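[1] Provided below are the primary sequence and the corresponding predicted coordinates.
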Amino acid sequence: MENNVIIDLKDISISFDGEKILDHLNLYIRDGEFITFLGPSGCGKTTTLRIIGGFLEPDSGEVIFSGKKINGVPPHKRQVNTIFQRYALFPNLNVYENIAFGLRLRKRSEKEIKAKVHEMLELVNLKGFQRRNIASLSGGQQQRVAIARALAVDPKVLLLDEPLGALDLKLRKDMQRELKNIQQRLGITFIYVTHDQEEALSMSDTVVVMDNGKIQQIGKPIDIYNEPKNAFVADFIGESNIVDGVMRKDFLVEIGGKSFACLDKGFAPGEKVDVVVRPEDIDIVPLEKSMLTGTVTSVTFMGIFYEIIVDIDNFKWMIQTTDKQDVGDVISLYIEPDAFHVMKKSEYSGQFGDYSSYSDEFEEMSDAAADPAAE
Amino acid sequence: MNQKPSLGKRLLAAPHLVWSALFIIAPLIMVVYYAFTDGNGSFTLSNITAIPDYADTFVLSIWLGLLATVISLIIAYPLAYFISQSKLPVQQTMIMLVMLPMWMNFLLRTYSWMTILEDNGIINTILTSVGLSSLRLINTRGAVVLGMVYDFLPYMILPIYSVMVKLDHSLIEACQDLGGNKWDVFSKVILPNSISGIVSGITMVFVPSVSTFYISQKLGGTSTQLIGDVIERQFMTANNYHLGAALSLVLMVLILVCMAIMNHFSDGEIETGRISA
C-alpha cells in the first residue's frame, strides 16, 4: 500500500493573520484515486489544495510528492495541474490556444500540439470548438475547456477546486458523471474540493471530511455515511437525528430511558455516547410494533418522499417516509438494530441533530444544545 | 434590445445630441469651411497647398509626441503594475499621488518647470554651487518632451492601472500552474490582457502631446516650434483663420491615421481571440 502513495502531507499547519487554517494535518493520497475534500467554507479544504498546487507554503510540515519533499517548489515545476473555481481561462486566447497553452510553454512541436489539442477536445466533447472565443462559451463549455487545458499537459494529479459550483443543477449532475468517467479512463489522481456532500459521495473513492482545519474522518463514501465518526460528520453528510445515549453493554444502547438493540460494541458499560439514526431508517408502524411514539409537528413534501418532523419526548426527529401523515397525528415508530449508529462523545456533541428549527417552536433551538433533549 | 427606444429615453439623449451638434459637429464644419475658402469666402485650395511648407514642423511635432508617449509608457507600465499588485490602502494612496498634480493648474505646472530648468533656475543653481558648470536645459527639445511626459503621464498610468487591477489573479495562477515562469506570466498573461489599457493610454498622451503649443512655447523657446504653435499664431497673430483651419484639419487627419495604425496593431491581438470590451 505504501508504495503507491503519490502525495503525502505530513503534519501540515498554516495560519493567516493569526488564525489557524490547518492544524497539524496528516493525509496520504494514493495514485489513481478520486479523493474529495469535503467540508463547510473555511474548513481548510481549498487551503490544502493550494498547498499541494504550490500556491501556498505551509508554516510547518512536509509536502511529499512521489517520495520527494516538494516544499518550496514553485507551481510551474510541480506535476500537478489545477481546475480553478472560476475556470481562469485566458480571455485573450481562443479555445485551441487555451488548451495548447501548457504545451507551448513546454516547447512541443506544432504537430504534436495539434494532435494533443484535438485529442483533448474529443475527450471533453468539444469537437469543432477550437476557433471559438472563450467569452462565447457557456459555463459548462468553459468548464470543459479548463479540464482539457489542464489534462493536455499530462499531469500526474489533477486538482479541482469546486469546479462545478457555478453550474446549474442539471448540468452539474452531467459534469459529475463526465468527470468521473474521465478520471477512470485516464487513471490519474483527482483531488476534488467541494462543500456539496452529495457530489462528494457520488464521485469519490475516498472522502476526507474536514472542519476547523482538521480532518474529521477519512473513508469510503459508504462508510462515511453509515459509520460517521462524530456528530459533525453525521450532521454534515446527509440528514441525521443525533441523540444522547448511554451504552449499557455491547449491542444495547439506552436512549431516553429506553433500551434498544444495536450492532455496536466496544464501548465501556455506562459510557455516554451520541447515537445517529438516519431519517430514512425510521419506519412508521402499527401501534403493536411500536418502539417509540411521537406527534407530527411538520410535514414537507419533497417529491419522492415526505419529510416529517416528529416530537418524541420534546426532541424533534426527522423522518423521511412515503406515507402521508398530518400535523398533529400521533404515530408509532420502529427502528431496526442496524439503523442505530453509536459514536463516541466529541467536541461536536450536542451541537447538531435536533430538528427543532423545523417546527414553529424556535425558542427550543437554543435549549436543545444545553438540554439533554433525548429524555 | 431591438425595440425602438421610448420617447423618454430619446429625450434623455437630447442634451447630448444638442451639445454634440453645437460644439463638435458645427465647429468641424467651420474648420472645413475655413480651410477651403479665402478671405472673400470663395473656394480655394491654396491653404492646403501651403501645408508642405510646414512639413518639418509636422514631423517634429509627431516625433516629439511619439517620444513623449513612449517615455510615458515606459514609466507608466511598471508603475501601474506595481500599484495594481499592492494592498488596497497602498493602491489608493498611490493613485491619489498620481492624480494630485492634475488638480493643479496645467499652466502653473509648466511654469514651475521653467523655474527649475532656467539658466539661473534651481538645477543650475545647485550645479554651480557645488562647482560644476551649468547646463543648458530650458529651450531645448528635451525640455519640451519632459514637459509633455510630466503633464500627460497620469493619462497613461490610469487606464493601464484600471485594466490591470481588474485582471483575474487566477489567470496568473493558471499560467504558473501550466508551467509558466515569471517571464511567461508577464508576456503571456499580463501584457496581452492589458493591451486595451495601453491603447487608451497611448491615445490620451499622444493626441495632446502632438497638438500642444503651450509646453513648447514655455519650455522650448523659439528653437522648438510645434504645429500647435503655428496654428495658434495663425489665429492670434497672423489673423489667417483659413491657413490655421487647414493646418488643424491636416493635423486631425494625421492623428486619425496614427490612431488607425495603432488600432490595427491592437486589432491584431483581437484576431487571435482577444475579446474587445
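    Structure's in. What do you need?
[2] quick one: low-confidence residue ranges for the stretch 251-375 of chain A.
    By pLDDT under 70, the weakly predicted segments of the stretch 251-375 of chain A are A:356-375.
[3] ok and the residue in it nearest chain B?
    Of the residues in the stretch 251-375 of chain A, the one nearest chain B is residue A:348, at a distance of 33.6 Å by C-beta to the nearest C-beta. Any C-beta I mention is one placed from the backbone N, CA and C, and that applies to glycine too.
[4] distance of that residue from residue A:212?
    10 Å (C-beta to C-beta, to the nearest Å).
[5] and residue B:90, by the same measure?
    33 Å.
[6] what does the pLDDT read for residue 65?
    Just going to use chain A. At residue A:65, the pLDDT value in this model is 95.
[7] that was the other one, I meant chain B.
    94.
[8] look up how far residue B:84 lies from it.
    Counting by C-beta to C-beta - residue B:65 and residue B:84 are separated by 27 Å.
[9] where does pLDDT dip in the stretch 1-150 of chain B?
    B:1-4.
[10] mind doing that once more with 50?
    Scanning the stretch 1-150 of chain B for pLDDT under 50 picks out the ranges B:1.
[11] out of residue B:65 and residue B:84, which sits in the more crowded spot?
    The residue with more neighbours, out of residue B:65 and residue B:84, is residue B:65; 25 against 20, by other C-beta atoms under 10 Å in any protein chain shown.
[12] what's the closest residue to residue B:115 other than its chain neighbours sitting at in phi/psi?
    Nearest residue to residue B:115 in three dimensions, chain neighbours excluded: residue B:121, at 5.5 Å (C-beta to C-beta, 6 or more residues apart in numbering or on different chains). As for residue B:121, its main-chain torsions (degrees, to the nearest 10) stand at phi -80, psi -170.
[13] assign residue A:318 to helix, strand or coil.
    strand (DSSP: H, G, I helix; E, B strand; the rest coil).
[14] tell me which residues touch residue 79, please.
    You didn't pick a chain, so chain A it is. Going by C-beta atoms under 8 Å, 6 or more residues apart in numbering or on different chains, residue A:79 touches A:65, A:66, A:155, A:156, A:157.
[15] my question was about chain B
    Residues counted as contacts of residue B:79 (C-beta under 8 Å, 6+ apart) are residue B:157.
[16] any idea how many residues pack against residue B:187?
    For residue B:187, using other C-beta under 10 Å, the count is 12.
[17] look up how far residue B:175 lies from it.
    10 Å.
[18] and for residue A:71?
    22 Å.
[19] ok, residues contacting the biggest helix by length in chain A?
    Identified as the longest helix of chain A according to DSSP state H is helix A:169-186. Helix A:169-186 is contacted from outside by A:34, A:123-125, A:139-140, A:143, A:147, A:151, A:158, A:160, A:163-164, A:167, A:190, A:199, A:202-203, using C-beta under 8 Å, 6+ apart.
[20] sorry, back to before: more neighbours, residue A:348 and residue A:212?
    Ranked by neighbour count (other C-beta under 10 Å), residue A:348 and residue A:212 place residue A:348 first, with 22 against 17.
[21] so the more buried one makes contact with residue A:230?
    Yes - between residue A:348 and residue A:230 there is a contact at 5.3 Å, judged by C-beta atoms under 8 Å.
[22] still on that earlier bit, which ChimeraX command selects the buried ones in the contacts of helix A:169-186?
    In ChimeraX, a selection of the buried entries from the contacts of helix A:169-186 looks like this (16 or more other C-beta atoms under 10 Å in any protein chain shown):
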select /A:34,123,124,140,143,147,151,158,160,163,164,167,190,199,203
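[23] narrow the contacts of helix A:169-186 to those in helices?
    Per DSSP H, the subset of these in helices is A:123, A:139, A:140, A:143, A:147, A:151, A:199, A:202, A:203.
[24] from residue A:288, how far off is the fifth one?
    Relative to residue A:288, residue A:147 is positioned 57 Å away (criterion: C-beta to C-beta).
[25] equivalent analysis for the last one, please.
    Residue A:203 sits 44 Å away from residue A:288, going by C-beta to C-beta.
[26] cool, and residue A:168?
    On the measure of C-beta to C-beta, residue A:168 and residue A:288 end up 48 Å apart.
[27] more neighbours, these two?
    residue A:168 (10 against 6).
[28] centre-most residue in chain B?
    For chain B, the residue nearest the mean C-alpha position is residue B:205 (1.8 Å; C-alpha atoms, centre = their mean).
[29] so it touches residue B:150, yeah?
    No - under the criterion of C-beta under 8 Å, residue B:205 makes no contact with residue B:150, lying 11.3 Å away.
[30] residue B:256 belongs to a strand?
    No - counting by three-state DSSP, residue B:256 is not found in a strand; it is helix.
[31] residues in contact with the nearest residue to residue A:260 once chain neighbours are set aside?
    Nearest residue to residue A:260 in three dimensions, chain neighbours excluded: residue A:253, at 5.6 Å (C-beta to C-beta, 6+ apart). Neighbouring residues of residue A:253 by C-beta under 8 Å, 6+ apart: A:245, A:246, A:247, A:259, A:260, A:262, A:264, A:273, A:275, A:340, A:342.
[32] need the residues you listed in a markdown table (columns: neighbour count and distance to residue A:20).
    Formatted as a markdown table, those follow (neighbours: other C-beta atoms under 10 Å in any protein chain shown; distance: C-beta to C-beta, whole Å):
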| residue | neighbour count | distance to residue A:20 |
| --- | --- | --- |
| A:245 | 24 | 32 |
| A:246 | 18 | 34 |
| A:247 | 23 | 33 |
| A:259 | 13 | 42 |
| A:260 | 21 | 39 |
| A:262 | 22 | 37 |
| A:264 | 19 | 33 |
| A:273 | 22 | 29 |
| A:275 | 24 | 31 |
| A:340 | 22 | 35 |
| A:342 | 20 | 31 |
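[33] which one of the residues you listed is nearest residue B:159?
    Of all the contacts of residue A:253, residue B:159 sits closest to residue A:275, with 64.4 Å by C-beta to C-beta.
[34] does the closest one belong to a helix or a strand, and which?
    If you go by DSSP states H and E, residue A:275 is part of strand A:271-277.
[35] and the contacts of that strand?
    Contacts for strand A:271-277 (C-beta under 8 Å, 6+ apart): A:228, A:230-231, A:234, A:240-247, A:253, A:255, A:267, A:317, A:335, A:339-346, A:349, A:353.
[36] now stretch B:222-241
    B:34, B:54, B:57-58, B:60-61, B:64, B:139-141, B:144, B:210-214, B:216-217, B:220, B:243-244, B:247-248, B:251.
[37] the stretch 151-300 of chain A: strands as residue ranges?
    Along the stretch 151-300 of chain A, the segments classed as strands by DSSP state E, counting those that start in this stretch run A:157-161, A:189-194, A:206-211, A:214-219, A:241-249, A:252-255, A:258-261, A:271-277, A:282-285, A:292-301.
[38] which one, of these, ends up nearest to residue B:195?
    Closest among these, using C-beta to C-beta: strand A:157-161, at 28.6 Å.
[39] render the CA-only coordinates of the closest one in PDB, please.
    Backbone C-alpha positions of strand A:157-161 (Å, rounded to 0.1, in the frame of the first residue of the first chain) are rendered in PDB as follows:
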ATOM      1  CA  VAL A 157      -2.500  14.700 -10.300                       C
ATOM      2  CA  LEU A 158      -5.400  17.000 -11.200                       C
ATOM      3  CA  LEU A 159      -6.600  19.400  -8.500                       C
ATOM      4  CA  LEU A 160     -10.200  20.500  -8.800                       C
ATOM      5  CA  ASP A 161     -11.400  23.500  -6.700                       C
END
